[in-house]
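Peer 1: Can you look at this prediction? I've put the sequence above it.
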Amino acid sequence: MTVVTLKIDDRDVSGRDDETILEIARENGIVIPTLCYLEGLSIAGACRLCLVEVKGTSKLLPACATRVSEGMEIHTNSERLTQYRRTIIEMLFAEGNHICSVCVSNGHCQLQDAAVALGVDHIGVPYLHPHRHVDASHELFGIDHNRCILCARCVRVCDEVEGAHTWDVGVRGIEARVVTDFSTPWGDSDTCTSCGKCVQVCPTGALFAKGKSAGEMTKQSEFVEYLVAMRGRRS
Amino acid sequence: MIEERPLFIPEQNIVLEHNGDIDPEVLEDYSKIEGFTALNHVLTEMTPPEVIDQVSRSGLRGRGGAGYPTGLKWQTVAKAPGTPKYIICNGDEGDPGAFMDRNVMEAYPFKVLEGMTIAAYAIGASQGFLYVRAEYPLAVQRLKNAIRQMEKHNLLGKNIAGTPFSFDVDVRLGAGAFVCGEETALIASIEGRRGNPRPRPPYPAERGLFGCPTLINNVETFANIAPLLRKGAEWFASIGTEKSKGTKVFALSGRIARAGLIEVPMGTTLREIVFDIGGGIPDGKAFKAVQTGGPSGGCIPSDYLDMPVDYESLLKLGSFMGSGGMIVMDETSCMVDVARYFMEFCMSESCGKCVPCRVGTAQMYQLLTKIVNGDATLNDLALLESLCDLVRNTSLCGLGQGAPNPVLSTLRYFRDEYIAHIVDKRCPAGVCPVHKREHQEVNA
Amino acid sequence: MQPISTKPAPPSDDKRWRIVTATMRRHGFRPDALVETLHSVQEAFGYIDDVAMRFIARGLQLPPSRVYGAATFYNYFMLKPQGEHTCVVCLGTACYIKGASDLLAQLEAVTGVKPGETTPDKQVSLLTARCMGACGLAPVAVLDGEVHGTADAKSVSAKLEEWMRHD
Ligand SMILES: Cc1cc2nc3c(=O)[nH]c(=O)nc-3n(C[C@H](O)[C@H](O)[C@H](O)COP(=O)(O)O)c2cc1C
Ligand code: SF4
Ligand code: SF4
Ligand code: FES
Ligand code: FES
């Protein structure tokens, strides 16, 4: 481990060479939008919202998955990046069926927040109008696939923190969906411990606790970082 | 299964040596044509760095698509800390319209394995995997047979040829997923997982199969190794162009008089390939374009027939070497329809992990469908172009990054065909639904 | 991790489960045997159903969703039984350029099913593939495993009709 100095948005910052661009940006109060990233979970690199420009390469690099190195010069919010991020958010809205006004997470949704922060005021890409269903078979929780953005946070927290691996992703491409067990009803699951971690980390209203009405579902995903830290201390 | 004989082989052939005139199931036959002389020489008289040096000096570049220098890759894996080290031969050949690797695996299984074994010695690997698509049962059978025979002759396994070097190879089957040709997805597949790519770095050279340093090369890349070492790096480097050395095997198909497999020196022109070797276009039709690089590639129009074929010049034309499929099209093919065909392919082969590729390919496919149906406006075309830019620059792996290429290249050379569908509601080649509708209206 | 050597009991006394167990054993019942094991079930039974997935999950000690996730990721794996006969139409680029989509449309008309489906009498499954590596012979159709080059709709239809008549 060595300490490196680098520039983010023309500011001189420093950090360890085993840290990512995203970590160092956050330590320095520089905001890079993310959706699939969650502190405490493994890196997916799936949503592509955190892409940044790095001098010396023509490729955009995911801030959540890219380690810093000495002398790096990074730009996190060019006009081009903002445009790409807006379109990615629009894609996520167009891919599912998001009717925010009736959603339990209305007002507490990270997809909504990202859209507001990036100034997305209309959806300019074609809607795909998929047929997706709701699984309300679990006693305590439900999943509405219409609101799922396939960030796989639920899959990772269930595997990496709870150790149950009830969730995974089934099928592929535009047909891909998160599934429990053999794509059998969640309520019938032999592996689910009903811990509710997946519900807490879900950035949208896709996973919800039963008995909440529109706008009532607030989530606490910071606990993952805490849990991981506590476990690390014990072992 | 149908066996195919190569159509054309130049005087200096490397990969398709001896024209496939040996029994691919018999080790002794391969030995008769200098088989394993390179391996024996390497194991007894060369150090691993010397082998890597030869491969580097030959200028050999990866035949799986991107043309990464093979020697450099070997060196990186050799230097990477960590054991064990693995070797993977990429025989997934997912490009629709490509069958070079199938032929090489079926006709020269020993040669591929000899190349892998030499590579294993050079980088210090003790276990190798051949990842072959399940659609190639004959290739699988012959490779398995070749492995057994080599084990019997002490050319694989413990203390090969009486030296301290040991190396084992296993075959793993693909299962119908184009994305598994991508190296991180391929590794996930061998590990028994969904074939989802992951961000690189770390590259497989540092962290690959089971988290260990891993060398991945294409079938044809490995097939070049034994001849290269037998005849020397200088000989190899004397063939081809300045930056693309050696020969390349292409699978010639589509609207062409003689379809089949060819091996030509790098730098051969498209005209020589299509007209001199392939015999031109049948039925008195006119040449329109040749598609290279598969779903990440592009269509090259007649203006560039005299362009020498190598990695750089294809990229400059907005196409891609890919693994070597060459599909010839004549005036009966509609370029918008072809672009839509490839987009459908990328959409159904997308792993679905990253947003731009998962959603973007579906949206671009929808827009292209609107165009061929005659329902699109110029705004839709503008949207299509901006989605191409986004998907190319933000997708996680090469599948998404390359998916816009067939659209971009046909827009570059055949923009008038898009305009005809959108503005005049007409398909110049007469194949798209808009054409059929136009005719119904006339008849009504 | 400790390799597990005890094998789980097969779901039934069908002898084909022995082949599946043998595959798992050959790989030391390790998780990375998953794709190979799915291949072995498909080869032995022709498709991979719930019962097989449960057996594999227990055998390799894998979470159910991981088995399901892998089985549905790969197009080669069938989750439903196939018909008595199969007809695979290649939709790879070379075949497409040579009119494979017209060929497919006509076979859909003859069988009355869409690609991926089986006729109601369970005689014929109509499938598509992405290049059989026989592009020089495009368009290609594979009838019960036998490759037919430069396939024309007439002769292939005739074969399918013959299959559908014999039940
Ligand atoms: C979507 C995708 C599909 C690919 N398919 C193949 C393939 O079928 N065969 C292959 O050798 N390489 C394929 N590649 C390239 C491999 O990732 C890798 O670069 C190559 O096997 C390295 O070997 P080489 O250096 O010998 O070319 C593919 C890449 C991508 C992004
Ligand atoms: S259910 Fe929620 S956490 Fe899980 S993938 Fe969908 S959006 Fe992400
Ligand atoms: S680019 Fe496509 S295939 Fe590659 S990771 Fe993204 S979704 Fe998967
Ligand atoms: S947060 Fe980095 S890719 Fe999603
Ligand atoms: S495209 Fe049909 S066999 Fe290759």
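Peer 2: Nice, thanks for sending it over. Ligands and ions are numbered 1, 2, ... in the order given.

Peer 1: Now the one residue in chain C that gets nearest to ligand 3. Nearest residue, chain neighbours left out?
Peer 2: Proximity of chain C to ligand 3 (C-beta to the nearest ligand atom) peaks at C:F73, 11.0 Å away. Quick note: C-beta positions are derived from backbone N, CA and C, even for glycine. Spatial nearest neighbour of C:F73, excluding adjacent residues (C-beta to C-beta, 6 or more residues apart in numbering or on different chains): B:R194 at 4.2 Å.

Peer 1: ok, now which ones touch A:C47?
Peer 2: Contacts for A:C47 (C-beta atoms under 8 Å, 6 or more residues apart in numbering or on different chains) come out as A:34-37, A:88, A:149, A:151, B:354-355.

Peer 1: My error: substitute A:K7 in the last question.
Peer 2: A:K7 makes contact with A:13, A:72-74 under the criterion C-beta under 8 Å, 6+ apart.

Peer 1: Compare these and tell me which is most surrounded.
Peer 2: Counting neighbours by other C-beta atoms under 10 Å in any protein chain shown, A:I74 leads the contacts of A:K7 with 24 neighbours.

Peer 1: can you list the residues of chain A near chain C?
Peer 2: Applying C-beta under 8 Å from any C-beta of the partner chain, one finds that chain A approaches chain C through A:159, A:164-172, A:179-184, A:190-191.

Peer 1: Look at the spatially most central residue of chain A and give its secondary structure.
Peer 2: What sits nearest the mean C-alpha location of chain A, by C-alpha atoms, centre = their mean, is A:C36, with 2.4 Å. Here A:C36 is recorded as coil under DSSP: H, G, I helix; E, B strand; the rest coil.

Peer 1: Check it and give its pLDDT.
Peer 2: pLDDT recorded at A:C36 is 98.

Peer 1: With A:L51 instead?
Peer 2: So A:L51 comes in at 98 (pLDDT).

Peer 1: A:Y84 is in contact with that one, correct?
Peer 2: Yes: in this structure, A:L51 is within contact of A:Y84 by C-beta atoms under 8 Å, at 6.8 Å.

Peer 1: what ranges of chain C fall below the confidence cut-off?
Peer 2: For chain C, the stretches with pLDDT under 70 are C:1-6, C:166-167.

Peer 1: again with chain B
Peer 2: For chain B, the stretches flagged by pLDDT under 70 are B:1-12, B:19-20, B:438-444.

Peer 1: in it, what residue is nearest ligand 3?
Peer 2: Counting by C-beta to the nearest ligand atom, chain B gets nearest ligand 3 through B:G400, at 2.5 Å.

Peer 1: What strand or helix carries the nearest residue to that residue once chain neighbours are set aside?
Peer 2: In this structure, B:G400 finds its nearest non-sequential neighbour in B:C357, 2.9 Å apart by C-beta to C-beta, 6+ apart. Using DSSP states H and E, B:C357 maps to helix B:355-373.

Peer 1: helices or strands next to the next helix or strand after that helix in the packing?
Peer 2: As assigned by DSSP H and E, the chain's next helix or strand after helix B:355-373 is helix B:378-394. Helix B:378-394 is packed against helix A:79-95, helix B:355-373, helix B:398-402, helix B:405-422, with contacts defined by 3 or more C-beta pairs under 8 Å, 6 or more residues apart in numbering or on different chains; DSSP states H and E.

Peer 1: how about the first one as CSV, C-alpha atoms only?
Peer 2: When you say that, I think you mean helix A:79-95. Extracted as CSV, the C-alpha positions of helix A:79-95 are listed here (Å, rounded to 0.1, in the frame of the first residue of the first chain):
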residue,chain,number,x,y,z
GLU,A,79,-21.3,17.7,-20.3
ARG,A,80,-20.8,14.4,-22.2
LEU,A,81,-20.9,12.3,-19.0
THR,A,82,-24.0,14.1,-17.8
GLN,A,83,-25.7,13.4,-21.1
TYR,A,84,-24.8,9.7,-21.0
ARG,A,85,-26.0,9.5,-17.4
ARG,A,86,-29.3,11.1,-18.2
THR,A,87,-29.9,8.7,-21.0
ILE,A,88,-29.0,5.7,-18.8
ILE,A,89,-31.6,6.9,-16.3
GLU,A,90,-34.1,7.3,-19.1
MET,A,91,-33.3,3.7,-20.2
LEU,A,92,-34.1,2.4,-16.7
PHE,A,93,-37.4,4.1,-16.7
ALA,A,94,-38.3,3.0,-20.2
GLU,A,95,-37.2,-0.6,-19.5
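
Peer 1: what's the angle between that helix and helix B:355-373?
Peer 2: Orientation check (axes from the mean of the first three to the mean of the last three C-alpha atoms, to 10 degrees): helix A:79-95 against helix B:355-373 gives 70 degrees.
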